[in-house]
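Visitor: here are the coordinates; sequence isn't available:
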Ligand SMILES: Nc1ncnc2c1ncn2[C@@H]1O[C@H](COP(=O)(O)O)[C@@H](O)[C@H]1O
Ligand SMILES: Nc1ncnc2c1ncn2[C@@H]1O[C@H](COP(=O)(O)O)[C@@H](O)[C@H]1O
Ligand SMILES: Nc1ncnc2c1ncn2[C@@H]1O[C@H](COP(=O)(O)O)[C@@H](O)[C@H]1O
Ligand code: NA
Ligand code: NA
Ligand code: NA
C-alpha cells in the first residue's frame, strides 16, 4: 500500500487558546484534528498543576503542504504574542490523501 | 550513540476499535505499543464529548519497516470502512532496534 | 514563514521515572517540555491498568541536535536498566529556534 | 385527567428537571459538563445500589417466585426484538445491520431508566419486587445475543450464497475463513456482553446484597441508599447534556425512527405492565417490569454492538435510544404505566380489560 | 476584642484549617493533590447546592423584594469596577489591559467565596435571604461585560487614531477588519460569559429549587444540603494547594497589587454590608451581600478574560484573587463583616455610624 | 471454633465481599473499573477521615499516653524490617535490592488495611485509641528510611571495595561521584517519603481534628464519618480488581515469597497484639496496633522504593503486598487478632500465654 507524504502540524498551547486554534483551522476549511490535554513547562512557566484553565492542550492536524503555510502563519501572527504556545511540523505518510485538506 | 531508523505507526480511532487494532498488532507478533485517549473531529463528526464509548484513542507503535506494510494493510482492510479512524506513519530513530519487531 | 530543523525527543516511561527524566533535562539546561499520561505494553508488561504509580508517561522535548546526543546518552545510561522505558527521536520544523536549547 | 396531573407532578421532580436542564445547557452551547470520571463512576454506583437493594429484598422474600416472571421477561424480550426487526426492515426499510442493531437496542434494557423508575416509585411511596433487579441483569444481554446471532446467520448465509454462485476453487478457503472468523467474533462478543461491567456489578451486588441482608447493609446504607436519588440527579445532568447535543441528529434519523422510538416503548411497556399484573406482581413491580421492556439501552448497547455489528451506524441507535426514548420514558411513559398499573391493581384483574378499553386506550 | 475572637474561632473551623493545610502542603512540596475530575466537579456541585437552596427560599418568601437589592448590587459592582480601573491605571500604573482585567476580576464575584460564606453563617446559626444566590448569578457577568466593553472601546479608539494619522488608502480595510473582528469578539465573549458553566448551573438550580420547593428537595437534600460543608472542605484543600503554589508569584505582582488585593475587598465589602443593612436585609443577608462585593473571581475570570483581554497577564489577576484576596476574605474579612452586620442589626440603623466609627474603624 | 465463625462473619461483610467481587471481576476479564480519579481520591479521603477521627479522640483523651506505644511501634518496625531482610536474603536467596525493598514493604504500614481495620472494629462495636492514627503516620516512613539507608550503605560499600581493588587513578572521581550521588538520592528520598501525600494528609488531619474537636467536626461528620464504610467498599472493589489482575504474577514470585507474605504478617501482627496488650491498650487498640505491624504497604511503597531502590523489582513487592498479604490480613488475620485480643482482654494478662498456647496456636 502506498503512503502519501503530507504534513502533521502540532500545536501545544494553553487550553484557553484551543478555541482560537480551531477557529483558524476552520477558517482554512480544515475540519479534521485531534486534541488532548497535556502538562508542560516553557517560557510561561510550569503549566497543568492547578485549575483546569491552567492546563495545556495539544492540537494535531494532518494536512497538505500547501495549506500548511497559511495556517502556521496565522497562528503565529495572532497567538504567539499573548499565549503560551509552541508549534512544530513533521512529515508523515498516510494512505488516503483525500481525507486531508 | 547511534540512532537506528525505524517506523512509528500512529492510529487514531474510536475507542471501541482499540481492541481490533491491538488484535491485529498481536497477530503480527507486535507486543509493544502505547495508547492514550484523545478527542477529535473528522469525517465521522466531533468525538469525545459525551459517553466514554464516544471517545477516540491513539495507538502508537514503533516497528521495523518490513512489518509495517502488513499491519497497515490489515488495519486499512478490516477497519477503514466501519470505524472512525485515521492512520499515519513517520520516521523515528531509536537506540535499541532489538526491542522492536 | 521558514521552518527550522530541530529534533523532537520522545521518552515513554513509567510514571515514577518522570522525575528522573526531567532532572536530566534540567541538568542540560532544558526547561521546555510537554508531558502526558499514557498506557502501554512492552517488555515490562502491560502498564496503566491499576494504581496511578503503574501508569506510563510520555515526555516530549523539542531541542537542538547538538544537545540531543548528551541527553539521550544520559537517559540510556541511567534509566534503561531499571525502568520500563522507550525513547525515540524525530525531525520536526519550528518557527522560533531561539525557544529551544 | 389524572394522567396529565401525574405527568406534570413527575415533571416537577428534581430528576426530570435536572435532565431537562442538561438538555437546555447543551442547546445554548454552555460549557457545562460533569467530568468524565464522575459520569463513568455514577452508573457503576447506581447499579451497585440497585443490586444491593434487590439482593436484600430477595433475601427477605425468597426467590422462588422469581422464575416465572424472569422467563416471561426473557420470552417477551426475544419476541419484541424479532418484532422490532420486522418493523424496521420491512416498514422502515433499514438495512439488515441497522435493523438488527436497533431491534436489539430496544429489546435490551436501560439501567439508567431503571434507576429513575425506582426513584419515581420511591417518590410515590410504592415498593417493587426486589428480584426485578435480577431480571434486569439477565435481560441485559438477551436481546444482544439474539440480534448478534441472527446477524451472523444472515452474514454467513450471504457468504454461502456468494460461494455457490462463484464456484469453489479459489475463494473457498477465504470464505471458510470468513465464517470461522464470524464464529470467533460471536463467541468473543458473547463473552464481552456477559462480562460487561454493567452485568458484572449488578449481579455481584445482588449476590452481595443477598448475603449481607438488611443488617450487613446498615453500615453502607447511607452511601448506597440515601445518596441514590441525589446521584441520579447528577448523572441526569450529564445525560441531559449528551441528549441535548444529539438533538440535531434527530433530523438525520428520520421521522420513521422518531415514531418508532416513541410507539415501540409505549407498546412494549404497556404489554409489560399487563403481563406483570397477570403474573401477580405488585403495583410497583408491574411498573418496573413494564419499564424494563419499554427501555432501550444506550450505554451498554454501543459497547456491544460496535464489535458485534460494526456495519450498523451508532448514530442511529444511540440518538434514538438516548435522545428520544429515554426522555419519553422517564417523563411521559413512566407516569402512564404507573397509572395503568394503579388502575389494574386497585380494581383487581377481573375488570382489567374493561378498564383498559374504557379508561385508557 | 470580639473581632479577634471571632477571627480566631473562624480560623479553627474545618474549612479554614483545611485551606491553610493545603497551602502548607504546597509549600513543603508535597505531591498531595485532589484529582482533577473531583476538583472540576466540586464547584458545579457547590453552585447547584447554592442555587437549589436559594430557589427554595425564594419560593417560600417570594421574590418581589429581590429587585431593589439586585439593582443596587449591579450598580455598586459597576461603580466599583470603574473605581478599580482608575486606581490600577492611575496609581498602580498598570497598562490598560491589565487594569481592566484586574478591575473586573474584583468587580466580579467568587462563587467559592460565597459557598464559604454560607457555611460560615450556618456555623453561626444565622440565615440569609435566598435571593442573594440570584444576585450572585446576575452579578457574575456584569463586571466582565463592562470591562470587556470598555477595553474594546479603548482598542477601537487606538485603531481609529492610527487610521487618522496614517492616511486612508491601503490600511483602511485592514482597520475595518480589526474593528469588526473586535465586535465579533465582544459578541462571542458575551455569549461565553453568559453560558459559562457557573452561571448556567446556578441559574438552572435556582429555577429548579423554586419549582420543586422544600418537599421536592427532601429526596436529594442529603446530597445537596447535608454534604455541602464536607464538600467545601475537600475543595478548599485543592484551593489551598493552588494558592500555596502561587505564593512565590506574589513577589512578582508587586506591593501595590498586594495592598490593592486586601484594601479593595475590605472597602467594597464593608460598603456592601452597610448598604444591604440600609436596604433592610437581615444580619446574614447583609454579610452575604458584602461578601459578593468583596469577593474576586478566580475560576470564571481566567476563562472569560483570556479570550476577552488576551493581552492581560493572567498571572496578575489569578495570583492576586486566589493567592491574596480569597484567603483574606474567608479568614479575616468574613468575621469582620459579620461583626459589623451584627452591630448594625442589634442596635438599629440609627446609631449605625456611631458604632462603626467607635468600635470598628 | 469461634475463630472460624468470626472469620466467616467477617467474610460476609460488604467490605470483604466487594473486595472478593473485584477479584472475581478481574479474573473473568470484565472491563469493570473504578475511574482513576475516584480511586486516587479515595485514599486521600480515607486518610483524612482516619486523621480527623484520631485527632478528635486525642483531644478527648490527651496524648501523654501516646509516647510509649509510639516508640515501641517504631522499635518493633525497625527490628521486624531487619528480621525480614535476614529471612529474605539468607533463606529466600533474594538479591540485596529485592530483599531490602521487600523487608521495608512489610516493615511499613498499609493505610487501606488500617481503614478496613477501623471499619471492622466499628462493626464489632469496639473502639480503639485515637492516637494509633498518629502512630500510623509516624510509622509510614520509618521502615523505608531504614531500608533506604541500609541499601545505600551496602551500595557505597560495594563501590568502595571496587575502588580498592581497581586502584585509584582514573576511576576515583567517578566513584566519588557515585557516592555523593547516592547521598543526594538518600536526602531526596527522605524528603519525598516525609512529604508523601499519605503522611501529609494524615498528619494534617490529625492536627485539624485535634484543633476542631467533636463540635467543629459535627458540620462535616456526615462526609468524614458516616460515608466512611461506603467509601471503603467502593475503594475495595478497585483494590480487588487490581489484586485479581496480579493473581497470575503470584506464580512468578515463588512459593517462598507466598509463604513469607502470610507467615510474616501473622507473626508480626500477633506480636503486636501481645505487646499492645502489655502496654495497656484497649481490646480494639491492641488489634489496630497489631494490624499496623502486620500490614504491608502497597500504595506508598512503590512510590518511594522505585526512586530509592530502583534495582528492586516492583512486581515482587507489589504483588506480594497487595495480592497476598492484603487479602489475608483483612479476611483471615484481622478476626484472628481480634480473637486473641478479646481473650487477652477478657481474661487479664495473667493467663495470657496459657490461653494462647491452648486456644489458638
Ligand atoms: N522545548 C519544548 N519541548 C516540548 N514542549 C515545549 C517546549 N517548550 C514549550 N513546550 C510546550 O509548550 C507550552 C507553551 O510553551 P511556552 O509558550 O514556552 O510557555 C509549554 O507549557 C510546553 O507544554
Ligand atoms: N486531518 C486530521 N488530522 C488529525 N487528526 C484527524 C484528522 N482527521 C481525523 N482525525 C482524527 O481521526 C478521528 C477519526 O476520523 P474520521 O474517521 O475522519 O472521523 C477523528 O475523530 C480525529 O481524532
Ligand atoms: N514498540 C513499541 N511501540 C510503542 N511504544 C512502546 C513500544 N514498546 C514499548 N513501548 C512503550 O514503552 C513502555 C515501556 O516499554 P518496556 O520498557 O518495553 O516495557 C511501554 O509500556 C509502552 O508504553
Ligand atoms: Na427493552
Ligand atoms: Na467583587
Ligand atoms: Na508492617
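Guide: That came through, no problem. Just so you know, these numbers come straight off a predicted model, no measurement behind them. Ligands and ions are numbered 1, 2, ... in the order given.

Visitor: CA only for contacts and neighbour counts going forward, please
Guide: Will do.

Visitor: neighbours of whatever residue of chain A ends up closest to chain F, how many?
Guide: Closest to chain F within chain A is residue A:52: 14.3 Å, counting by Cα to the nearest Cα. When counting by other Cα atoms under 10 Å in any protein chain shown, one arrives at 17 neighbours for residue A:52.

Visitor: just list the residues touching it, thanks.
Guide: By Cα atoms under 8 Å, 6 or more residues apart in numbering or on different chains, the contact set of residue A:52 is E:36, E:40.

Visitor: right, and residue A:83 touches residue A:13 too?
Guide: Yes - contact criterion Cα atoms under 8 Å: residue A:83 and residue A:13 qualify, at 7.2 Å.

Visitor: okay, those two: which has more neighbours?
Guide: A direct count of neighbours by other Cα under 10 Å for residue A:83 and residue A:13 places residue A:13 higher, at 26 against 18.

Visitor: and the residue lying closest to that one once chain neighbours are set aside, backbone torsions?
Guide: Excluding the flanking residues, the one nearest residue A:13 by Cα to Cα, 6 or more residues apart in numbering or on different chains is residue A:85, at 4.1 Å. Note on residue A:85: its backbone torsions stand at phi -160, psi 140 [degrees, to the nearest 10].

Visitor: ok, residue D:311 next?
Guide: Backbone torsions for residue D:311, taken as degrees, to the nearest 10, come to phi -70, psi -20.

Visitor: pLDDT value on the residue nearest to it when sequence neighbours are not counted, please?
Guide: Once flanking residues are discounted, residue D:311 sits nearest to residue B:82: 5.7 Å by Cα to Cα, 6+ apart. Reported pLDDT at residue B:82 in the predicted model: 94.

Visitor: from ligand 3, how far out is residue B:82?
Guide: Here the criterion is Cα to the nearest ligand atom, to the nearest Å. By it, residue B:82 lies 25 Å from ligand 3.

Visitor: pull the distance from stretch D:77-85 to the chain's centre.
Guide: How far stretch D:77-85 lies from its chain's middle: 13 Å, per Cα atoms, centre = their mean, to the nearest Å.

Visitor: got a list of contacts for that stretch?
Guide: With Cα under 8 Å, 6+ apart as the criterion, stretch D:77-85 contacts D:99-100, D:102-104, D:106-108, D:139, D:142-143, D:146-147, D:264, D:268, D:293.

Visitor: just flag the most distant two among those.
Guide: Longest distance between any two of these is 19.7 Å, between D:99 and D:139; criterion Cα to Cα.

Visitor: okay, residue D:195 and residue D:71: tell me how far apart.
Guide: Distance, residue D:195 to residue D:71, using Cα to Cα, to the nearest Å: 21 Å.

Visitor: ok so, going back, distance check, the residue of chain A closest to chain F against residue F:63.
Guide: Residue A:52 is 42 Å from residue F:63, by Cα to Cα.

Visitor: who are the contact partners of residue D:101?
Guide: So residue D:101 contacts D:147, D:305, D:309, D:312, D:317 (Cα under 8 Å, 6+ apart).

Visitor: could you report the neighbour count for the second one?
Guide: Counted with other Cα under 10 Å, the neighbours of residue D:305 add up to 27.

Visitor: SS state for it?
Guide: Of the three states, residue D:305 takes helix under DSSP: H, G, I helix; E, B strand; the rest coil.

Visitor: leaving out chain neighbours, which residue sits closest to it?
Guide: Take residue D:305 and drop its neighbours on the chain: the residue closest to it by Cα to Cα, 6+ apart is residue D:101, 6.6 Å away.

Visitor: where does the one you found fall, helix, sheet strand or coil?
Guide: Once three-state DSSP is applied, residue D:101 turns out helix.

Visitor: about what we covered before: most neighbours of all the contacts of stretch D:77-85, which one?
Guide: The residue in the contacts of stretch D:77-85 with the most neighbours, by other Cα under 10 Å, is residue D:107 (37 neighbours).

Visitor: so that residue is in contact with residue D:143, correct?
Guide: Yes - if you go by Cα under 8 Å, residue D:107 and residue D:143 touch, sitting 5.2 Å apart.

Visitor: phi and psi next, for residue 87.
Guide: Assuming you mean chain A. According to degrees, to the nearest 10, residue A:87 has phi -140, psi 140.

Visitor: that one: neighbour count?
Guide: Residue A:87 is flanked by 21 other residues according to other Cα under 10 Å.

Visitor: give the helix, strand or coil label for the residue lying closest to it once chain neighbours are set aside.
Guide: Spatial nearest neighbour of residue A:87, chain neighbours left out: residue A:11 (4.4 Å); criterion: Cα to Cα, 6+ apart. Assigned with three-state DSSP, residue A:11 falls in the strand class.

Visitor: just the pLDDT at residue A:11, thanks.
Guide: At residue A:11, the model reports a pLDDT of 98.

Visitor: swap in the one 5 residues further on?
Guide: As predicted, residue A:16 sits at a pLDDT of 94.

Visitor: list the contacts of it.
Guide: Counting by Cα under 8 Å, 6+ apart, residue A:16 touches A:53, E:303, E:306, E:307.

Visitor: show me what residue of the stretch 101-250 of chain D gets nearest to chain E.
Guide: Ranked by Cα to the nearest Cα, the top residue of the stretch 101-250 of chain D for proximity to chain E is residue D:230, at 4.7 Å.

Visitor: skipping its backbone neighbours, what lies nearest that residue in space?
Guide: Per Cα to Cα, 6+ apart, closest to residue D:230 is residue E:220, 4.7 Å.

Visitor: burial check on the one you found, number of neighbours?
Guide: The tally of other residues near residue E:220 (other Cα under 10 Å) stands at 21.

Visitor: the one 4 residues further on too?
Guide: The burial count assigned to residue E:224 is 23, neighbours taken as other Cα under 10 Å.

Visitor: quick check, it in a helix?
Guide: Yes - looking at residue E:224 with three-state DSSP, it is inside a helix.

Visitor: quick one: it from chain D, how far?
Guide: Distance of residue E:224 to chain D, given as Cα to the nearest Cα, to the nearest Å: 7 Å.

Visitor: do the top helix by length along chain A and ligand 1 meet at all?
Guide: Ranked by residue count and defined by DSSP state H, the top helix of chain A is helix A:65-79. No - using Cα under 6 Å from any ligand atom, helix A:65-79 stays clear of ligand 1, coming no nearer than 10.1 Å.

Visitor: next, the buried residues of that helix.
Guide: A:68, A:71, A:72, A:75, A:76, A:79 (16 or more other Cα atoms under 10 Å in any protein chain shown).

Visitor: pLDDT value on the first one, please?
Guide: What that stands for is residue A:68. pLDDT for residue A:68: 97.

Visitor: contacting residues around residue D:250?
Guide: By Cα under 8 Å, 6+ apart, the residues touching residue D:250 are D:258, D:319, D:320, D:323.

Visitor: for residue D:273, give me its contacts.
Guide: D:286, D:287, D:289, D:290, D:337, D:340, D:341.
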